[in-house]
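Q: Sequence and predicted structure below; questions after.
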Amino acid sequence: MALLPVVERELRTAARRRRTYGLRLLAAAVAAGICAWECWVLARGQQTTMLGRSLFGMLAALGFAYALLIGPFLTADAISEERREGTLGLLFLTRLRSWHVVAGKWLACSLAGFFSLTAILPAMGLPLLLGGVTAGEYGRVALGILNAMFFSLAGGLWVSCFSRDAGRAVLGSVALVLGLAGMLPGLVVFVGNAFAGIPVQALTPVAWISPAWAGYQAMDAAYRAAPAQYWNALAVSHGVSWLFLLGTAWVMPRLWREPVKARKPPPRWLLRLGYTRGWRRTFRRRLERNPVWAAAARLRWPHWVFWTLVLLVALNVYWLTFGYRTSPGSAKFHQNFAYGLVFTNRVWVCVMACHLILESRRSGALELLLTTPIQPRTFLRGHWRALRNYFFWPIVVIALLHVFYVWGTWSSLGRRGTFSGTYLAAFATGALSSFVSFLTDVIALSVVGTWLSLSMRRAGWAILTTLLLVILGPFLLAEALGRVRWLAPSTLLQWLTSLPVLKAYAGSTYALMPLVRMTAWVAKNLLLAAWAWRRLQTRFRDAAAGTLHARKRRRPWRRFPGPRPVSPPPPER
C-alpha cells in the first residue's frame, strides 16, 4: 500500500522531535497540577460532589482551549515547509497520490497533539471518583475534545496549502480556527438578535459549526435540556473537518506548480480605502524620518480590522447598557460575546506586534537593515511608532466606551433607586481596572511579542508563546489563586479597607477587590515588559543575526552523550 511508506516516514520524523514528548509531559504536568491544587484548595469545607464538578469543568475548559489553540501551530507549516524547500513536487514524481501525502502529514503533525490529549483525558477522569460527574458526561466531553483537536489540525493543514511562509500560515490558521470556533457564529447570532430581533434560541443552528459549542452542550445540564444540540454540533463540526482534509487533498496537486502570471493592479475601490494622495505624502514624510517606521506602518488593512473589532465592542456595549430591555433573555449570550471580544482584541494586538517582525524576517529586510548605519534603537523606535499608529486611536475609543458603559448603567439603574453609592464605586473601579489592564496588556504584548518574534527559532510559535506568557498563563494562575480565600486573611483586607485613601474611594471590600486584581495584573505586565525590553536593548543584534542560541550551557538533566563509534581496524595483508 502506497500510504504506509509515507506514514512511516512522517511518524519516524515526528518520533525524533523533542516537541512530541515535551508537549505530552507539559500537558500531563499542568493537568496533574490543576487537580492537586483544586483538591488542596477547594476541599476545605466543601462537598466532594461540588469539588468534582468544579474540577471537571476547569479541566474540560482547559482541554477545549488546548485542542483549539495547539492545532494550528502543529499543522500550519506542514505543507508550506515542503513548498518552501521545493520538495513537494518530488513527492508527486512517485506513485503517491495527494491524499497519501495529506494523510501522512496529518498523522505526523497530530501525533504530538493527540499524545498530549492522552495525558489530559486520564486526569479528567479523576472527578468521577469524587462524584458530581457521570460517565456519560465524561465520555461526551472527551469525544468533544478529540473532535476539537481534529477540527483545528484539519483547519491548519488546509491553510498550509496556500502559503509558503510559516508566519503567514500560522496567522491564517489561527484566524480560521478561532473564527469558526467562536467569532463567526457569535457574530451571526449577535447581528440577528440585536438588529433583526431573532431570538437566540432560533439562531443556535449557526453554532453547530463550532466544536466549542459541542463542548458546551456536552455538560449534563445542557444535554438533558436538548440532547440533539450536542450530536448536531458534533456531526456538523466533524463534517467541516473532513471537508478541510478533502479540500487539502484536492487543492495541493494544483498549487505546487505556480505558473508565472502578470500581477493585476488592485481595483480602484481598494485604493480609495486608504491609499490616497495624502497617505502617500505621509509615507514619504515618514520615510525621511525613519525608514523602519514607514515600512512597518505602510499597511492599511490592520486599521480596518482593528476598527471593525472596536465597532463590534461598541455595539455590544450599547446593547449591554440600553438594548437589553428589548430582549432580556439574551443577556448571558452578550456577556459571553463581550468576553470573546476582549480575548480577540488581545489576540489581534499580539498578532500585529509579532507580524511586523516576522514579515521583515521572512522578506530579509531585517538583515538588510542591520547592514546599514541604522542602529537597533532606531529600528525599535520605528517599530514602536508603527504600533502606536495602529493602536492609539482604537485604545482611545475603547476608553470612551468604558466611560459610556459606567454612565449608561448609572443613568438607567440610578433612576430606579437600585444603584447605591457603594455599588457605583465598585462598578467604576471595575471599569477602570478593566481599561488599565487592557492598556498594560497592549504594552506587554507589544514588547514581549517583538522580542519573541525576533529571537525564537521557530518564528510561527512566537504568537502562541506571547499569548501564553502574557494572557493565558497569568489568567489561569489568577483563577487558581482567586479561589484561595484563606491566603488573604480577613485582617489584611480590613487593614486595607481602613486606609483613609482607599476608604474614601472604595468604602468596602467589594469595591477594593478590583483594585487588588488590577494592581497584580499591571505589575505582571510591567515585569514582563521590562524583561523583554532589557533583552531587546542588549541582545538585539544577536537575535536578529540568529546567533542567540549558538552558545548553550550544558544542562545537568540532559543525558550524557553515548560512546563514539570506533572505526574497525584495517584488514591485515
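A: Sure, I can see it. This structure is a prediction, so every number in the text was calculated from the model and none was measured. Numbering: from 1, shown residues only.

Q: okay, CA-based contacts and neighbour counts for the rest of this
A: Noted.

Q: quick one: residue 84 and residue 458, what's the gap?
A: For residue 84, the distance to residue 458 equals 15 Å [Cα to Cα, to the nearest Å].

Q: between these two, who's got more neighbours?
A: Using other Cα atoms under 10 Å, the more surrounded residue of residue 84 and residue 458 is residue 84, with 15 against 11.

Q: For the residue nearest to the more buried one when sequence neighbours are not counted, which residues are in contact?
A: Closest residue in space to residue 84, ignoring its immediate chain neighbours: residue 164 at 5.3 Å, by Cα to Cα, 6 or more residues apart in numbering. Contacts for residue 164 were tallied using Cα atoms under 8 Å, 6 or more residues apart in numbering; they are 80, 81, 83, 84.

Q: was I right about the first one contacting residue 163?
A: So that's residue 80. Yes: the pair formed by residue 80 and residue 163 meets the contact definition of Cα atoms under 8 Å, at 5.7 Å.

Q: Need the overlap of contacts for these two.
A: With Cα under 8 Å, 6+ apart, residue 80 and residue 163 have common neighbours residue 169.

Q: Looking at the two, which one has more neighbours?
A: Comparing residue 80 with residue 163 by other Cα under 10 Å, the one with more neighbours is residue 80, at 24 against 20.

Q: What are the boundaries of the helices in the stretch 251-400 of the chain?
A: 268-271, 277-289, 291-296, 301-321, 331-363, 365-370, 376-414 (DSSP state H, counting those that start in this stretch).

Q: between those helices, which one is nearest to residue 522?
A: helix 331-363 (15.0 Å; Cα to Cα).

Q: pLDDT below threshold where in the stretch 51-200 of the chain?
A: Across the stretch 51-200 of the chain, the ranges flagged by pLDDT under 70 are 167, 194-195.

Q: and the end-to-end length of stretch 89-99?
A: For stretch 89-99, the end-to-end distance is 14 Å (Cα to Cα).

Q: distance between it and the chain's centre?
A: 34 Å (Cα atoms, centre = their mean, to the nearest Å).

Q: Also stretch 56-67?
A: For stretch 56-67, the distance to the chain centre is 14 Å (Cα atoms, centre = their mean).

Q: if we can go back for a sec, closest one to residue 16 out of the contacts of residue 164, please.
A: residue 81 (17.7 Å).

Q: Give me the secondary structure label for the spatially closest residue to the closest one that is not a sequence neighbour.
A: In this structure, residue 81 finds its nearest non-sequential neighbour in residue 164, 6.8 Å apart by Cα to Cα, 6+ apart. Assigned by DSSP: H, G, I helix; E, B strand; the rest coil, the conformation of residue 164 is coil.

Q: next one: phi and psi at residue 164?
A: phi -100, psi -30 (degrees, to the nearest 10).

Q: now residue 94
A: According to degrees, to the nearest 10, residue 94 has phi -90, psi -170.

Q: So what's the residue count around it?
A: 9.

Q: Distance check, it against residue 101.
A: Between residue 94 and residue 101 the distance, using Cα to Cα, works out to 11 Å.

Q: Over to residue 183?
A: 31 Å.

Q: try residue 112
A: Distance from residue 112 to residue 101, by Cα to Cα: 18 Å.

Q: again, but for residue 249
A: Applying Cα to Cα to residue 249 and residue 101 gives a distance of 8 Å.

Q: Please apply the same query to residue 320.
A: Distance from residue 320 to residue 101, by Cα to Cα: 49 Å.

Q: ok, back up a step: switch the helices of the stretch 251-400 of the chain over to JSON lines; also include mean pLDDT.
A: Below are the helices of the stretch 251-400 of the chain laid out as JSON lines (pLDDT from 0 to 100):
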{"stretch": "helix 268-271", "mean pLDDT": "47"}
{"stretch": "helix 277-289", "mean pLDDT": "79"}
{"stretch": "helix 291-296", "mean pLDDT": "82"}
{"stretch": "helix 301-321", "mean pLDDT": "83"}
{"stretch": "helix 331-363", "mean pLDDT": "81"}
{"stretch": "helix 365-370", "mean pLDDT": "76"}
{"stretch": "helix 376-414", "mean pLDDT": "86"}
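
Q: which one of the ones you listed is the most hemmed in?
A: helix 291-296 (a mean of 21; mean count of other Cα atoms under 10 Å).

Q: what's the next secondary structure element after the helix or strand residue 40 falls within?
A: Residue 40 is part of helix 18-42 when elements are defined by DSSP states H and E. Once the chain leaves helix 18-42, the next helix or strand it forms, by DSSP H and E, is helix 48-75.

Q: Tell me what angle that next one forms with helix 18-42.
A: Helix 48-75 runs at 160 degrees relative to helix 18-42, counting by axes from the mean of the first three to the mean of the last three Cα atoms, to 10 degrees.

Q: From the chain's centroid, how far away is helix 48-75?
A: Worked out by Cα atoms, centre = their mean, helix 48-75 lies 15 Å from the chain centre.

Q: List the buried residues of the helix or strand that comes right after that helix.
A: Downstream of helix 48-75, the first helix or strand assigned by DSSP H and E is helix 78-85. Under the neighbour-count criterion of 16 or more other Cα atoms under 10 Å, helix 78-85 has 78, 79, 80, 81, 82, 83 buried.

Q: can you check stretch 514-524 too?
A: Here stretch 514-524 shows 514, 515, 517, 518, 521, 522, 524 as buried, counting by 16+ other Cα under 10 Å.

Q: ok, now which ones touch residue 58?
A: Applying Cα under 8 Å, 6+ apart, no residues qualify as near residue 58.

Q: Neighbours of the residue nearest to residue 207 when sequence neighbours are not counted, how many?
A: Spatial nearest neighbour of residue 207, excluding adjacent residues (Cα to Cα, 6+ apart): residue 185 at 5.2 Å. Neighbourhood size, residue 185 [other Cα under 10 Å]: 20.

Q: Okay, and residue 185 sits in which element?
A: Taking DSSP H and E as the definition, residue 185 sits inside helix 184-194.

Q: What is that helix packed up against?
A: Contact partners of helix 184-194 among helices and strands, from 3 or more Cα pairs under 8 Å, 6 or more residues apart in numbering; DSSP states H and E: none.

Q: and which of the buried residues of stretch 514-524 is nearest residue 360?
A: Looking across these and measuring by Cα to Cα, the closest to residue 360 is residue 524, at 29.1 Å.

Q: Could you list the residues in contact with the helix or strand following the helix holding residue 185?
A: Where DSSP H and E defines the elements, the next helix or strand beyond helix 184-194 is helix 211-217. Applying Cα under 8 Å, 6+ apart, the external contacts of helix 211-217 come out as 64, 140-141, 144-145, 147-148, 151, 181-182, 207-208, 222-223, 227, 229-231, 233-234, 237.

Q: Show me just the buried residues among these.
A: For these, buried by 16+ other Cα under 10 Å: 64, 140-141, 144-145, 147-148, 151, 181-182, 207-208, 223, 229-231, 233-234, 237.

Q: Just the residues you listed: which are in helices?
A: Among the buried ones among the contacts of helix 211-217, DSSP state H puts 64, 140-141, 144-145, 147-148, 151, 223, 229-231, 233-234, 237 in helices.

Q: contacting residues for the residue nearest to residue 287 when sequence neighbours are not counted?
A: Spatial nearest neighbour of residue 287, chain neighbours left out: residue 294 (5.1 Å); criterion: Cα to Cα, 6+ apart. By Cα under 8 Å, 6+ apart, the residues touching residue 294 are 283, 284, 286, 287, 382, 386.

Q: Could you dump those into CSV and include distance to residue 396?
A: Output for those, formatted as CSV (distance: Cα to Cα, whole Å):
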residue, distance to residue 396
283, 24
284, 27
286, 23
287, 26
382, 21
386, 16
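
Q: Residue 297: neighbouring residues, count only.
A: Based on other Cα under 10 Å, the number of other residues close to residue 297 is 22.

Q: circling back to that earlier point, which one's more surrounded, residue 183 and residue 101?
A: Legend: neighbour count by other Cα under 10 Å for residue 183 and residue 101, higher for residue 101 (23 against 19).
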